[in-house]
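[1] show me how the following folds:
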Amino acid sequence: MTLPVKGKVENSDEYFTGTATGNLFGTGSLKIVSSNSSICEGDFVYKIPHRLGKGDFKCNDGREGPFQFESTCTSGSGYGNLGKNHFTFSFGKNLPQVHSQEAVSIVTPETQSIAPTGSTSRNKGDLLAENRDSNLSAVSSKTEVLTSSEEFNEVQMTKNGGVYMLPASINDVLSIKFIIDSGASDVSISPDIALTLIKTETITINDFLPGQAYKLADGSIAKSNRFKLHSLRVGASVIKNIPCSISNSINAPLLLGQSALEQLGSFTFDYDKSIVRFHNKPTKSK
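    Numbering: from 1, shown residues only. Just a heads-up that it's a prediction; the model follows:
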């Protein structure tokens, strides 16, 4: 995932813009172009438990030096040296305007990520403070079960922008509102959610599966990373060890696909009551 970068060399009129690109495995790169036309590039390594990334810049004008940053997935800030000059930078969406007369506004983040990618968070009790369109939150209770029996499992839906969303808990860490999509082969989550699961150590490198190519709604083909989701709670039903894909955009919809629906059973909607009823024998949680 790639995010914009803006920064400034201290005690100088030089400023720069660029991009930060990170991946799920804790590595990435920074590339900046300064106001004096210098181009600097550097690879970094991000240590998940400490939320800190470090790397080294090399510029086409001969300058070089180390940099480091803290990340909240969708934003962050850092500093470093280019030759004898100290610089500061920020990355993420909605960055402040930077020109020769002002410095970058530095944010000191408190939480999670692998690299400058994904979702904003403050602490483990508030894993996603930005709460992307209110569709996910830290788990503090089970997903609401209206009625369950030996034959069916009813779950309350919510409506968001004309789309019905179904709450589900993943790995007992996050409660997420999914779109039921019988045309999707797998459960699909966005990179910010995947990063949160990694940060909370509920998925590890050993859980990752071979990547798979998916056909998108516009007909294009995209390859996505996949991993084994240890648990998915929908109402009174809990299903385990199901394939889950990671989309390539934090804005992609969260989909409850066939890898989960096949185990949850057939379902019907009651749009008047905003209820989905799964016609199966639910697995009771302990």
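
[2] use CA for all of it now, contacts and neighbours both
    Fine.

[3] contact partners for the residue nearest to Ser34 when sequence neighbours are not counted?
    Nearest-residue entry for Ser34: Phe16, 3.9 Å, with adjacent residues in sequence omitted and distances by Cα to Cα, 6 or more residues apart in numbering. For Phe16, the residues meeting the contact criterion (Cα atoms under 8 Å, 6 or more residues apart in numbering) are Lys6, Gly7, Lys8, Ile32, Val33, Ser34, Ser35.

[4] neighbours around Tyr164, how many?
    Neighbours of Tyr164 under the rule other Cα atoms under 10 Å: 18.

[5] does it really touch Gln156, like I thought?
    No: because the distance of 10.0 Å does not satisfy Cα atoms under 8 Å, Tyr164 is recorded as not touching Gln156.

[6] tell me, what's touching these two both at once?
    Listed as contacting both Tyr164 and Gln156 by Cα under 8 Å, 6+ apart are Ser274.

[7] now do the phi/psi pair for the closest residue to Leu52 other than its chain neighbours.
    Taking Cα to Cα, 6+ apart as the measure, Leu52 lies nearest to Glu70, with 4.8 Å between them; neighbours along the chain are not counted. Backbone torsions for Glu70, taken as degrees, to the nearest 10, come to phi -120, psi 150.

[8] bridged to Glu70, which residues?
    Bridge pairing for Glu70 (DSSP bridges) gives the partners Leu52, Ser77.

[9] and it, how close does it get to Arg51?
    Here Glu70 is placed at a distance of 6 Å from Arg51 (Cα to Cα, to the nearest Å).

[10] now do the helices in this structure.
    Secondary structure of the chain (DSSP state H): helices at 191-199, 258-264.

[11] the first one: how far from the chain's middle?
    Translated: helix 191-199. Taking Cα atoms, centre = their mean, to the nearest Å, one finds helix 191-199 lying 5 Å from the centre of the chain it belongs to.

[12] tabulate the CA atom coordinates of it in PDB.
    This file holds the C-alpha atoms of helix 191-199, laid out as PDB (Å, rounded to 0.1, in the frame of the first residue of the first chain):
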ATOM      1  CA  PRO A 191      -5.300  -4.400   4.800                       C
ATOM      2  CA  ASP A 192      -5.900  -2.300   7.800                       C
ATOM      3  CA  ILE A 193      -7.900  -5.100   9.500                       C
ATOM      4  CA  ALA A 194      -5.200  -7.700   8.600                       C
ATOM      5  CA  LEU A 195      -2.600  -5.400  10.200                       C
ATOM      6  CA  THR A 196      -4.700  -5.200  13.300                       C
ATOM      7  CA  LEU A 197      -4.900  -9.000  13.500                       C
ATOM      8  CA  ILE A 198      -1.100  -9.200  13.100                       C
ATOM      9  CA  LYS A 199      -0.600  -6.500  15.700                       C
END
